[in-house]
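# predicted model follows, preceded by the sequence.
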Amino acid sequence: MPPHHLTPTFSSGFHQFFKRRRVQIPSFDKTSLPPRSFLPTKIASKISTTDSADLQKVFPNLFASEPMKETIERSIGYCNVPALKGETKTCSNSLEDMIEFSKKALGEKKLISLSTESTRGSGKELEIGNIKQFHTKMIVSCHEVFFPFATYFCHSLPLSNTRLYAVDFVDPETKAHVNRILAVCHLDTSEWPAEHMVLRP
């Protein structure tokens, strides 16, 4: 969710990051996770995204399934991970909370919301098309984590080591547009702890 006054420009640097123009897109099975919605603010404020025991009291049936329990506990790990140097973060389980966090991080004026177009091309080998880098002073990036309700891990890092791109992917044979994917690149992770959640396989 970057400020509105961002300027997109063509970037060759992203192409240089890859040794080949074709990329295998990870599979995303929309049927593997049940549909979930944001909680109303009053309810969201009473349900923890950082305490496994508290969640188990509210959703005991989900914790009875070992795969579901492992998935939820991994999400709790994301929400509990210590903030990096210069990072502000939260796990938002209501739309209002996500918006308020973004406004605090970015200011209240000239905000826009961007997202990847869709899951088209999931599991396929696609070719990188046009790439645009967005030049902006601040961004908040939000990543979905799994809970019984919609939840996003949102954080903001200094732009000195962070870049935001919009990457077009096309069919390798027909060159037809398939998807436009947002990519946030962290250029220097040398100070990140090796056990950080995002560095785990």
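Right, received. Where do you want to start?
# list the contacts of the residue lying closest to residue 92 once chain neighbours are set aside.
Spatial nearest neighbour of residue 92, excluding adjacent residues (CB to CB, 6 or more residues apart in numbering): residue 98 at 3.9 Å. Just so you know, the C-beta spots here come from the backbone N, C-alpha and C atoms, and that holds for glycine as well. Taking CB atoms under 8 Å, 6 or more residues apart in numbering, we find residue 98 in contact with 92, 142, 152, 154.
# who wins for neighbours among the residues you listed?
When neighbours are taken as other CB atoms under 10 Å, the top entry among the contacts of residue 98 is residue 92 (22 neighbours).
# so that one sits against residue 144, correct?
No. Counting by CB atoms under 8 Å, residue 144 is not a contact partner of residue 92; they are 10.6 Å apart.
# common neighbours of these two, please.
Shared contacts of residue 92 and residue 144, defined by CB under 8 Å, 6+ apart, are found at 151-152.
# give me the helices and strands touching the longest helix along the chain, please.
Determined from DSSP state H, the single longest helix within the chain is helix 66-80. Using 3 or more CB pairs under 8 Å, 6 or more residues apart in numbering; DSSP states H and E, the elements in contact with helix 66-80 are helix 52-58, helix 60-63, strand 141-145, strand 151-156.
# chain center to the following helix or strand past it, what's the gap?
Using DSSP states H and E, the next helix or strand after helix 66-80 towards the C-terminus is strand 88-92. Relative to its chain's centre, strand 88-92 lies at 12 Å (CA atoms, centre = their mean, to the nearest Å).
# pLDDT below threshold where in the chain?
For the chain, the stretches flagged by pLDDT under 70 are 1-20, 28-33, 196-201.
# check contacts around the spatially most central residue of the chain.
Centroid-nearest residue in the chain: residue 143, 2.3 Å away (criterion: CA atoms, centre = their mean). Applying CB under 8 Å, 6+ apart, we find residue 143 in contact with 78, 152-154.
# go on, residue 191?
Here residue 191 is in contact with 84-85 (CB under 8 Å, 6+ apart).
# now it: phi and psi?
Backbone torsions of residue 191, given as degrees, to the nearest 10, read phi -90, psi 0.
# residue 26 now?
Torsion angles at residue 26 (phi, psi; degrees, to the nearest 10) stand at phi -60, psi 150.
# I'd like to know how many residues surround it.
Residues lying near residue 26 (other CB under 10 Å) number 7.
# which residue ranges of this protein form helices?
Using DSSP H, the helices found in the chain span residues 13-17, 41-44, 52-58, 60-63, 66-80, 95-106.
# need the contact partners of the third one.
Under the contact criterion CB under 8 Å, 6+ apart, helix 52-58 has outside partners 47-49, 63, 72-73, 76, 147-148.
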